[in-house]
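Asker: 3D model of this:
(one chain, ligands or ions: 1)
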Amino acid sequence: MSSLEEPLGFDKLPSMSTIDRIQRFSAGACRPTVDDMGMGNCWIEGRGCSTSNSSDEDYEEYKGEAFPWRRHVRDASDGEAFNRRAKSLSKNRMKFGHVCKSRNLPDQHYSSKCTERGTRGITNKFLNGIPKFVKIVEVGPRDGLQNEKNIVPTSVKVELIRRLVSSGLPVVEATSFVSPKWVPQLADAKDVMKAVCDIEDARLPVLTPNVKGFEAAVAAGAKEVAIFASASESFSKSNINCSIEESLARYRAVCLAAKEHSVPVRGWGLAQWIHQWRGWVVVHMQRELQGMFPRKMWCIC
Ligand SMILES: CC(C)(COP(=O)([O-])OP(=O)([O-])OC[C@H]1O[C@@H](n2cnc3c(N)ncnc32)[C@H](O)[C@@H]1OP(=O)([O-])[O-])[C@@H](O)C(=O)NCCC(=O)NCCSC(=O)C[C@@](C)(O)CC(=O)[O-]
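Answerer: Numbers count the residues shown, from 1 in each chain. Purely as a prediction, here's the structure:
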């Protein structure tokens with residue numbers, strides 16, 4: 001999400017017809033087809049999903065849903081689609097082999113280990129580590145706009161969310177139900193949510209730091225929420241005005257309320273990378289968050 005130092009107006013956004021013309025931004029183009037399930041997107045997924053401890057669980061969660069691109073993912077494990085994927089993978093193996101052979105020139109010595117068997121082994125090892133599913137959450141309308149110097153008009157936020165969804169993004173974090181005194185840029189959360197809650201083909205989670213925020217979000221039509229706990233006492237205090245333990249107690253209450261309303265919860269673990277040295281805090285927080293919703297995803301950042 002690029003920074004919007006100037007107030008955002010419709011004239012500054014590309015028109016829908018421009019977006020339509022650029023096919024690679026269209027929903028169909030962005031969503032993976034079965035053919036794309038070969039090495040193409042493996043390069044992205046192959047980095048592993050260690051920051052999200054439950055990509056497979058999340059995949060299970062999504063399998064039952066009706067978004068077209070998810071159906072592609074699910075179908076890829078079935079009959080013909082599986083064969084196509086296998087073919088695509090073997091094509092890529094061949095490409096690997098070709099690269100290795102071309103390097104194996106008499107006067108070049110760095111490819112002695114690059115036998116076909118070795119290449120297959122490396123390829124298999126690489127492919128085995130690939131998660132079945134990676135969830136991408138677009139957070140621009142919330143994370144991007146909460147930092148804007150100027151307050152973006154509600155109608156522009158709504159249009160931004162609609163266009164992000166129509167570009168093919170399946171999950172767009174729409175806004176935050178936080179204190180308007182703390183984040184005045186998102187004081188219109190209720191209006192934004194009311195205007196976008198009818199959008200189909202996408203999930204629109206919102207941040208809820210406490211039960212008050214959760215209740216306001218659900219009343220405005222939110223069908224999914226996110227909580228955000230910090231591994232750093234100072235960051236927790238400056239972000240949500242409470243200690244780590246207090247934040248976990250609040251989130252337990254949010255999760256209980258969410259369970260009652262059958263509302264899915266996603267958890268953010270904040271400042272964990274920079275606080276890895278305080279390993280016990282991170283482990284404690286991760287356990288606590290996991291205990292709140294063991295089959296839901298939570299992310300580390
Ligand atoms: C958490 C609070 C609310 C505690 O704020 P507080 O002041 O400690 O709360 P309080 O319970 O003492 O209440 C104070 C006032 O806030 C109101 N209030 C209380 N709760 C709510 C609510 N949910 N919605 C609306 N109003 C609320 C409450 O009604 C009261 O109003 P008053 O009586 O004074 O008129 C506050 O600290 C807050 O809103 N913080 C903002 C947190 C935030 O949005 N941070 C940014 C998101 S995290 C992030 O960006 C990182 C992330 C996720 O993007 C990952 C990354 O990129 O790294």
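Asker: residue ranges with poor pLDDT in this structure?
Answerer: 1-115, 271-286, 293-301 (pLDDT under 70).
Asker: quick one, helices of it?
Answerer: Assigned by DSSP state H, the chain shows helices spanning 16-21, 27-30, 39-45, 55-63, 68-75, 79-103, 116-128, 154-166, 189-196, 211-220, 233-240, 244-260, 279-292.
Asker: Show me what from the stretch 201-301 of the chain comes close to the ligand.
Answerer: Counting by CB under 6 Å from any ligand atom, the stretch 201-301 of the chain comes close to the ligand at 207, 209-210, 212-213, 216, 228, 239-241, 268, 270, 301. The C-beta positions use only the backbone N, C-alpha and C, and glycine is treated the same way.
Asker: Just the buried ones from these?
Answerer: The neighbour count (16 or more other CB atoms under 10 Å) marks 207, 209-210, 213, 216, 228, 239-240, 268, 270 as buried among those.
Asker: The residues you listed: which two are farthest apart?
Answerer: Greatest spatial distance in those: A216 and L270, 21.8 Å, computed using CB to CB.
Asker: on that earlier part again, could I get the buried ones among the residues of the stretch 201-301 of the chain next to the ligand as JSON lines with distance to V139?
Answerer: JSON lines is the format used below for these (distance: CB to CB, whole Å):
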{"residue": "L207", "distance to V139": "9"}
{"residue": "P209", "distance to V139": "15"}
{"residue": "N210", "distance to V139": "20"}
{"residue": "G213", "distance to V139": "17"}
{"residue": "A216", "distance to V139": "19"}
{"residue": "F228", "distance to V139": "11"}
{"residue": "N239", "distance to V139": "15"}
{"residue": "I240", "distance to V139": "17"}
{"residue": "W268", "distance to V139": "10"}
{"residue": "L270", "distance to V139": "13"}
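Asker: how about stretch 180-197, does it reach the ligand?
Answerer: Yes: looking at stretch 180-197 against the ligand by CB under 6 Å from any ligand atom, the contacts come from 182-183.
Asker: In that stretch, which residues are buried?
Answerer: Using 16+ other CB under 10 Å as the test for burial, stretch 180-197 gives 183, 185-190, 192-196.
Asker: Stretch 249-260 too?
Answerer: 250-251, 254-255, 257-258.
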